Structure formats: structure tokens, C-alpha cells
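Colleague: Provide a 3D model corresponding to the input given below.
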Amino acid sequence: MAEVLVFDSKEAGAAVVADHIAALVRRVPTATLGVATGSTPLPVYAALAERAAAGTDFTRASAFALDEYVGLPAGHPESYRSVIDREVTGPLGLDPEHVRVPDGSETGIETAGERYEQAIIAGGGVDVQLLGIGTTGHLGFNEPGSSFASLTRVKTLTEQTRRDNARFFDSLNDVPMHCVTQGLGTILRARHLVLLAFGEGKAEAIAGAVEGPVSASMPGSAIQLHPHVTVVLDDAAASALQHRDYYRWSQDHKPAWQGI
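Modeller: Numbering: from 1, shown residues only. As a prediction, the model looks like this:
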């Protein structure tokens, strides 16, 4: 069962996650972080930047991004390479050589997934993987129907996901049709999963992922198969959870030494 933590605000939840990651990096300076894009993890990155400014040294840490669009030109501001550089690499002081993003260029796209899998394995795997969840229940860009054993590969985005992401582009027509994404099987290899969700729009997806049946129709439910998962929510994202009161009770009475 995933540990579900419910906070009064996304900033409060982000602070707890940032404290955990910063403590990991202080303990293991060469830790490997799995980083997600979109608006959901931004409060965590802002909190991590504060901890970097306060003295936590991230310069020896590594990072792997979850996914990348296919076909955006190099340097496009909404490519996930650009987003990670802007929100993570620079503010945390990571060595750019140690930050990997799937190769979304159309040349060589046939082997992009295999090459990324090899890089993750060669890097020793991911210590803590940040995740968001889409309104369709997707993790990374693993849309409904994705195999729980899937590895990094090219996927076609649903129209709902493209509409959700259109806010980052000039128009829906500018949102790429394809992506390279870590598979659910790849994600499940990370040693600790931290799923973030904020806002009422994510409530149904969170309820399906945390409390619903394990099903390829709800990719987020794959977290139920992992031995170490922390789900960090605000009140709105937790509003559809059947066992919300228990999660709060457990959170309020959790031994401090357990961490997340």
C-alpha cells in the first residue's frame, strides 16, 4: 500500500519532498534523481533550489528525465530538455553532463528508447523518482493501455493529453503527436516513487491510482505494485479518496524516524 500524505497546500507537500531529497543527497552525494516535467513538480524544484542555496551540494548528483517530445527543434523552450535545464539543472547546480533526457530528435528515433534504457542501467538506476499523474491516469506519457512491463519507447499521445499540454504552446496544433517516455516497467525499477498531485482536477485519477483496481486502463495504478511509494497531495487532490480519513490519521501518528 502506498503511503498517502495530505497537506493543506502544495507548498507544504513540496517542502517535505524537498527535505527528503536534500537529505538523500547529503547522505549520498552521487544519488540519482528521476525528474518529471509539467506544472506539478515545480513547487518541489523551487524548494530544492532553496536548499541548494542554503548549502546542500547537488553538483555530484545525476538526473534522468521521464520523457521528451518527438520532433521539437533543439532549444525549443517547451522541449523537456529545456524545461529540465531551466527548472532543475541550473537552479540546483547539477552538472549538465550528468542530466539525461530521452533523445526526441527524429533522426535515430527508432533506437531512442533502447539507448535511454541502457543509460539508466549504466547509471545504476534511479534512487527517487518524482512523478505527476495526468487526467487520463498516465504516468510519464504511458497512456491508458500501456503494459506494466513496458520499457522506454515512442508513444502516441492521446488527444486529451495534447489538450492538457496545449497551455504550454501557442496552439493545440503545435503540441507534438509523439513522445519518448520511460515505460511503466522502467519507472517501477526506481527505488522510491514519489507521486505528486495538486488540485481537484487530479482527484479522480489519484483515487483510481491509489484505491482502484490495478489495470492497464489506469496506468497510475502501477504504483500499487511497488514496495516504496509516497503519494503527496493537497486537500483538493485527495478529495475523492475513500480512505482519506485513515491516511490523515496515519500521517498524524507516524513515527518521525520513518521519513517518507
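
Colleague: For stretch 63-80, buried residues please.
Modeller: Residues of stretch 63-80 classed as buried: 63-70, 72, 76, 78-80 (neighbour count, 16 or more other CB atoms under 10 Å). C-betas here are computed from N, CA, C, even on glycine.

Colleague: So which of those residues belong to strands?
Modeller: Using DSSP state E, the subset of these located in strands is 63, 64, 65, 67, 68, 69.

Colleague: Would you mind measuring from the fifth one to residue 101?
Modeller: To tie it back to what came earlier, the one meant is residue 68. 5 Å (CB to CB, to the nearest Å).

Colleague: Common neighbours of these two, please.
Modeller: Common contacts of residue 68 and residue 101, defined by CB atoms under 8 Å, 6 or more residues apart in numbering, comprise 80, 81.

Colleague: what would the buried residues of stretch 63-80 look like in a markdown table with distance to residue 183 and pLDDT?
Modeller: Listed next are the buried residues of stretch 63-80 as a markdown table, based on distance: CB to CB, whole Å; pLDDT from 0 to 100:
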| residue | distance to residue 183 | pLDDT |
| --- | --- | --- |
| 63 | 18 | 98 |
| 64 | 13 | 98 |
| 65 | 14 | 98 |
| 66 | 10 | 97 |
| 67 | 10 | 97 |
| 68 | 14 | 97 |
| 69 | 17 | 97 |
| 70 | 16 | 97 |
| 72 | 21 | 94 |
| 76 | 24 | 94 |
| 78 | 23 | 93 |
| 79 | 20 | 95 |
| 80 | 16 | 95 |
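
Colleague: closest to residue 193 among the residues you listed?
Modeller: residue 66 (11.5 Å; CB to CB).

Colleague: these two touch, right, the closest one and residue 36?
Modeller: Yes - the pair residue 66 / residue 36 is scored as a contact, 5.1 Å apart, by CB atoms under 8 Å.

Colleague: if I pick residue 8, what's in contact with it?
Modeller: Shown in contact with residue 8 (CB under 8 Å, 6+ apart): 234, 235.

Colleague: Need the overlap of contacts for residue 66 and residue 36.
Modeller: By CB under 8 Å, 6+ apart, the residues touching both residue 66 and residue 36 are 131, 140.
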